[in-house]
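Enquirer: coordinates for the following, if possible.
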Amino acid sequence: MEFIREYADWFYLIGAVLFILTLRGLSGPKTAIAGNRYGMIAMAIAVVTTFFVAENPVVWMILAAMAAGAVVGIARARTVPMTQMPETVALMHSLVGLAAVLIAVAAIIHNNKLVELGPDLLTANGVTFHEMSKVHLFELFVGCFVGAITFTASVFAYGKLAAKKWAKTISGGWVKPVQALIFIAMLAAGIHFFLTGSMTSFWAMTGLALAFGWVWIAPVGGGDMPVVVSLLNSFSGWAAAGIGFTLENNMLIVAGSLVGSSGAILSYIMCKAMNRSIINVLFGGAMGGAAAPTAAAGAQVQRNYRSGSADDAGFLMSNADSVVIVPGYGMAQGRAQNAVKELANLLKEQGVTVRFAIHPVAGRMPGHMNVLLAEADVPYEDILEMDEINSDFPATDVVLVIGANDVVNPAAKDDPNSPIYGMPILEAHKARTIMVIKRSMATGYAGLDNDLFYNDKTMMIFGDAKKVVEDMTKAINGTGH
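Expert: Prediction:
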């Protein structure tokens, strides 16, 4: 349509503004739904506009790809449980990286085909030939190698988060030298491609970038993987922006830059919440590769802990003045958010002050717990961030920890030898009584034992989070056994 072609830049501008409003909306639970809608409208505008401004598009291939993508996307969105959301996000990042690589490859092959045909033949047939400039080669160089790194690194992150056997953490003194060697070789091949346009160098750079993405992320431990996913989100944005310059598509440049910058900011926020630097996360070894030793080699320390029942917990909470609930990955895994909401409402009816404490990286992904609680219609004013509620724990009668582990581990405060020492935590150990719902005494995602479980004030309640919380509710309202 000529109208869309004539005003394409205006449509792209509208889309860019809507993408900005999307990020603004996604910054808070109350505006998240509107933010999502802005993003959907913006993407629809971008796709339709690009479809009509593209020169000589192969319509059936484009429509077939869009239909296939829509079917897969809708099916995944409807079936993915919240516990698998982090690895789903990582997998989507890998597709963005792969798209950047394929676009770069297509652009290079297309340009070489034009060179083979020759400018004279093309001009004679009414086609204007433009040989790639150094600027275009540089854009392809950056977009392709960032996209290739993003692709394989995201695939590994997906495997790690999904506990796939092939996504094994690597370690040893050989890892960093190999990383450096591959990175230097990748840059050398990329620079040679930039200077000469050599296809051999281009393929070498792409292959080395794919290899580097894997060996770069493979040493990172499970506890740091949420930061990696956030960083890869940023990388996918910059890869898209780089390819946007190659395609001369303003919308792709703007959207890619927004994703890249927002992902970088989120990575910084998460690192700050963990008291880690991004360099330490990515190159300083693994946090959470294995459980921390609790004794000399070969010795096994048996530690005493106190366990109780849901009835005991219900009695203690119903007689408390204040209760703070700390949700974690266990709540998501047990799909217990609605049962927790019912428990909170019942306690409020009995005059108990109930609030929720959220750590910035709880549940393996920022905002994970907020989404689950919002899904259960927990009032926003009852949900407090770590910095807002930490000072209240000493005056709290009961803290109920539901499946959280590393984010309430006192070792972060007390043990200089702990891998998480210095990481800000929810200071649940300062409360008068602590109750922890877990399936077992197994370690958390970072692979570390938790001193909170052995605290004299702590009562462990073993079982499925949803079932235990429902039993607590029955005990409080007198309908239990």
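Enquirer: show me this structure divided up by domain.
Expert: The chain breaks down into these domains under automatic domain parsing: 1-79, 92-283, 310-477.
Enquirer: what about Asp382, neighbour count?
Expert: By other CB atoms under 10 Å, the residues close to Asp382 number 15. Any C-beta I mention is one placed from the backbone N, CA and C, and that applies to glycine too.
Enquirer: of the domains of the chain, which is nearest Met85?
Expert: Shortest distance between Met85 and those, using CB to CB, is found for domain 310-477: 6.4 Å.
Enquirer: chain center to the closest one: distance?
Expert: Put simply, domain 310-477 sits 22 Å off its chain's centre (CA atoms, centre = their mean, to the nearest Å).
Enquirer: ok, stretch 37-52 next?
Expert: 24 Å.
Enquirer: stretch 224-242 too?
Expert: Centre-to-centre, stretch 224-242 and its host chain are 9 Å apart (CA atoms, centre = their mean).
Enquirer: what average pLDDT does that stretch get?
Expert: For stretch 224-242, mean pLDDT is 84.
Enquirer: tell me which residues touch Ala209, please.
Expert: For Ala209, the contact set (CB atoms under 8 Å, 6 or more residues apart in numbering) comprises 144-146, 148-149, 186.
Enquirer: next: Asn233.
Expert: Applying CB under 8 Å, 6+ apart, we find Asn233 in contact with 89, 93, 259, 262-263, 266.
Enquirer: from those residues, pick the one nearest Ala313.
Expert: Nearest to Ala313 among the contacts of Asn233 is Val89, at 34.1 Å by CB to CB.
Enquirer: contacts for the helix or strand hosting Ile269 next, please.
Expert: Per DSSP states H and E: Ile269 is located in helix 250-273. With contact meaning CB under 8 Å, 6+ apart, helix 250-273 is reached by 9, 12, 15-16, 19-20, 23, 42, 46, 49-50, 226-227, 230-245, 277-278, 281, 359-361, 366, 386, 423-424.
Enquirer: list only buried entries from those residues.
Expert: Neighbour counting with 16 or more other CB atoms under 10 Å marks 12, 15-16, 19, 23, 42, 46, 49-50, 226-227, 230-245, 278, 281, 359-361, 366, 386, 423-424 as buried within the contacts of helix 250-273.
Enquirer: just after the helix holding Ile269, pick out the following helix or strand.
Expert: Next in sequence after helix 250-273, counting helices and strands by DSSP H and E, comes helix 278-283.
Enquirer: what's the spacing between that next one and its chain's center?
Expert: How far helix 278-283 lies from its chain's middle: 16 Å, per CA atoms, centre = their mean.
Enquirer: now for it, which elements pack on it?
Expert: Where contact means 3 or more CB pairs under 8 Å, 6 or more residues apart in numbering; DSSP states H and E, helix 278-283 is packed against helix 225-247, helix 250-273.
Enquirer: give the buried residues for the last one.
Expert: Okay, so that is helix 250-273. Buried, per 16+ other CB under 10 Å, within helix 250-273: 250-260, 262-264, 266-268, 270-271, 273.
Enquirer: could you pull out the buried residues of the longest helix seen in the chain?
Expert: Longest helix of the chain, by residue count under DSSP state H: helix 85-117. By 16+ other CB under 10 Å, the buried positions in helix 85-117 come out as 85-94, 96-101, 103-104, 107-108, 111, 114.
Enquirer: how far is that helix from where the chain is centred?
Expert: Worked out by CA atoms, centre = their mean, helix 85-117 lies 22 Å from the chain centre.
Enquirer: next, the angle helix 225-247 makes with that helix.
Expert: Angle of helix 85-117 versus helix 225-247, following axes from the mean of the first three to the mean of the last three CA atoms, to 10 degrees, is 20 degrees.
Enquirer: between helix 85-117 and helix 250-273, what angle do the directions make?
Expert: Helix 85-117 and helix 250-273 meet at an angle of 140 degrees, taking the same axes, to 10 degrees as the criterion.
Enquirer: so what secondary structure elements neighbour helix 85-117?
Expert: On a contact count with 3+ CB pairs under 8 Å, 6+ apart, helix 85-117 meets helix 134-161, helix 199-217, helix 225-247.
Enquirer: what average pLDDT does that helix get?
Expert: 82.
Enquirer: got the angle for that helix vs helix 134-161?
Expert: Interaxial angle, helix 85-117 versus helix 134-161 (the same axes, to 10 degrees): 150 degrees.
Enquirer: so where's the protein shaky on pLDDT?
Expert: Applying pLDDT under 70 to the chain flags the ranges 1, 113-133, 221-223, 284-302, 363-366, 444-447, 479-481.
Enquirer: got CSV for the helices and strands packed on helix 278-283, with distance to Trp214 too?
Expert: What follows is the helices and strands packed on helix 278-283, written out as CSV (distance: least, CB to CB, whole Å):
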stretch, distance to Trp214
helix 225-247, 13
helix 250-273, 20
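Enquirer: for Ser418, find the nearest of the ones you listed.
Expert: helix 250-273 (16.6 Å).
Enquirer: if we go by neighbour counts, what in stretch 367-376 is buried?
Expert: By neighbour count on 16+ other CB under 10 Å, the buried set for stretch 367-376 is 367-374.
Enquirer: CA atoms of stretch 396-413 as PDB?
Expert: Extracted C-alpha coordinates of stretch 396-413, given in PDB (Å, rounded to 0.1, in the frame of the first residue of the first chain):
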ATOM      1  CA  THR A 396       7.900  -9.400  63.600                       C
ATOM      2  CA  ASP A 397       6.300 -12.200  65.600                       C
ATOM      3  CA  VAL A 398       6.400 -14.900  62.800                       C
ATOM      4  CA  VAL A 399       8.100 -15.200  59.500                       C
ATOM      5  CA  LEU A 400       6.800 -17.900  57.100                       C
ATOM      6  CA  VAL A 401       9.300 -18.800  54.500                       C
ATOM      7  CA  ILE A 402       7.700 -20.700  51.600                       C
ATOM      8  CA  GLY A 403      10.400 -22.500  49.500                       C
ATOM      9  CA  ALA A 404      12.900 -19.600  49.600                       C
ATOM     10  CA  ASN A 405      16.500 -20.600  50.400                       C
ATOM     11  CA  ASP A 406      19.500 -18.600  49.300                       C
ATOM     12  CA  VAL A 407      17.700 -15.200  49.700                       C
ATOM     13  CA  VAL A 408      17.200 -15.800  53.500                       C
ATOM     14  CA  ASN A 409      20.600 -17.500  54.200                       C
ATOM     15  CA  PRO A 410      22.300 -15.800  57.100                       C
ATOM     16  CA  ALA A 411      25.700 -17.000  55.800                       C
ATOM     17  CA  ALA A 412      25.500 -14.000  53.500                       C
ATOM     18  CA  LYS A 413      25.900 -11.800  56.600                       C
END
